[in-house]
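**Student:** Structure, please.
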Amino acid sequence: MKVTLLLPALLLLFACNEPIEGEPVTRTRIDGKATPAGAVASADETVSPQVQSACRSIIFENTPVTHCLAIPSRHRIAMDVGPAGGAPYRSLSAFAAAREGSTVAFAMNAGMFDDEGQPIGYYVEDSERLQTLNTAEGEGNFHLKPNGVFYGSGGEWAVTTTEDFLANVQDRPEFGTQSGPMLVAGGKLHPDIAGDGDSRLIRNAVGVDDKGRAHFVISNAPISFGKLARFMRDELGTPNVLYLDGNVSQLWNPATGRLDGGAPIGPIVYVTQNEETQ
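**Tutor:** Numbering: from 1, shown residues only. Presented below is the predicted three-dimensional model:
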């Protein structure tokens, strides 16, 4: 079901809410194992009116989420991990300070990373591949197969499994980030995901609908993998959904002044508004 056909029970508010405060101390995997992580958190009060908000708040099954929509005719998508030749930003506030805020519609953390903040999977920034596709076995959410890749060039964007990307994508995209797991692949929930499991954290994910629009969702309260997956598949119409991260998930929305802080992050996806649409 598309965004315009959300169930009447959903409460639609047309601005991003500030995130609910919390101090989660673990990053929980689908299989129940956990690793230490930091707190998720706050919002900045400075409002930038130059760019229209691409985000709105929605209540889905009693859980507040923020849904940000990138539309090919209005927006461009890119990745950033840090300044050229420098260390990773590690926060949206550092990224925001380095960017011209008048054209940024929103930004989120986007993908798993190592202790230095560098991506551990496929990563392309400004058409330059900085990390190759990771097909290794291992621990953690990233390695709960299938994992996947969010990528694109110009106004054409896609989410697909790592296996499909390896087999079918020949040309290097302008941007790309690999993460995992795929919450939804081919319309089906990940085999290790329950419809609404016990693991609840602040989480974010991305999917692309059949109109080519990219849907970014971050929960404003702890949410299960399954509930996030079902919201994006059933209400937003995204048949492939890539988990971006949990517990460290953050959003910058300049139009409303929301600038989340919290634990250090790695790769950042950001959406800019085309100048002619401002």
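**Student:** Return the set of residues that bridge with residue 253.
**Tutor:** According to DSSP bridges, the residues that bridge with residue 253 are residue 258.
**Student:** That one touches residue 51, doesn't it?
**Tutor:** No - between residue 253 and residue 51 no contact is recorded; they are 9.3 Å apart, counting by CB atoms under 8 Å. Where C-beta positions appear, they are placed from N, C-alpha and C, glycine not excepted.
**Student:** joint contacts of the two?
**Tutor:** When CB atoms under 8 Å, 6 or more residues apart in numbering defines a contact, the residues bordering residue 253 and residue 51 alike are residue 105.
**Student:** Of those two, which one has the most company?
**Tutor:** For the pair residue 253 and residue 51, the greater number of neighbours falls to residue 253 (29 against 20), based on other CB atoms under 10 Å.
**Student:** ok, that one - contacts?
**Tutor:** 16, 53, 54, 55, 66, 68, 105, 106, 259.
**Student:** and the fifth one, helix, strand or coil?
**Tutor:** This points to residue 66. Applying DSSP: H, G, I helix; E, B strand; the rest coil to residue 66 yields a three-state assignment of strand.
**Student:** For it, give the beta-bridge partners.
**Tutor:** Using DSSP bridges, the beta-bridge partners of residue 66 come out as residue 57, residue 218.
**Student:** What residues does it make contact with?
**Tutor:** Listed by CB under 8 Å, 6+ apart, the contact partners of residue 66 are 16, 17, 55, 56, 57, 58, 217, 218, 219, 220, 251, 253.
**Student:** In TSV, list those residues along with pLDDT and distance to residue 199.
**Tutor:** Below are the contacts of residue 66 laid out as TSV (pLDDT from 0 to 100; distance: CB to CB, whole Å):
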residue	pLDDT	distance to residue 199
16	37	25
17	37	23
55	98	25
56	97	26
57	97	23
58	97	21
217	98	17
218	98	16
219	98	12
220	98	17
251	98	21
253	96	26
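**Student:** which one of those residues sits closest to residue 111?
**Tutor:** Proximity to residue 111 was ranked across the contacts of residue 66 by CB to CB; first place goes to residue 218, at 14.2 Å.
**Student:** what's around that closest one, how many residues?
**Tutor:** Here the number of neighbours of residue 218 (other CB under 10 Å) works out to 28.
**Student:** gap between it and residue 197?
**Tutor:** Separation of residue 218 from residue 197 (CB to CB, to the nearest Å) stands at 19 Å.
**Student:** ditto for residue 123
**Tutor:** As defined by CB to CB, residue 123 lies at a distance of 29 Å from residue 197.
**Student:** The two - which one has more neighbours?
**Tutor:** Neighbours around residue 123 and residue 197, counted as other CB under 10 Å, are more numerous at residue 123. The numbers are 26 against 15.
**Student:** How about the contacts made by the more buried one?
**Tutor:** Residues near residue 123 by CB under 8 Å, 6+ apart: 79, 81, 111, 129, 130, 131, 176, 177, 178, 267.
**Student:** Buried among those? Need that as a selection in PyMOL.
**Tutor:** Applying 16 or more other CB atoms under 10 Å to these, the buried members can be selected in PyMOL as follows:
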select buried, resi 79+81+111+131+176+177+178+267
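**Student:** ok, which stretches of the stretch 151-278 of the chain are strands?
**Tutor:** Listed in chain order, the strands of the stretch 151-278 of the chain (DSSP state E, counting those that start in this stretch) span 156-161, 175-179, 182-185, 188-189, 203-208, 214-219, 241-246, 251-253, 258-259, 268-273.
**Student:** any weak-confidence spans in the stretch 51-200 of the chain?
**Tutor:** Scanning the stretch 51-200 of the chain with the threshold set as pLDDT under 70 gives 101.
**Student:** Report the distance from the helix or strand where residue 69 lies to the chain centre.
**Tutor:** According to DSSP states H and E, residue 69 maps onto strand 63-70. Taking CA atoms, centre = their mean, to the nearest Å, the mean C-alpha location of strand 63-70 is offset from the chain mean by 10 Å.
**Student:** What of stretch 94-103?
**Tutor:** 18 Å.
**Student:** before we move on, what about stretch 214-227?
**Tutor:** Averaging C-alpha positions (CA atoms, centre = their mean) puts stretch 214-227 9 Å from its chain's average.
**Student:** now swap in stretch 150-158 and tell me
**Tutor:** For stretch 150-158, the distance between its averaged C-alpha position and the chain's averaged C-alpha position is 14 Å (CA atoms, centre = their mean).
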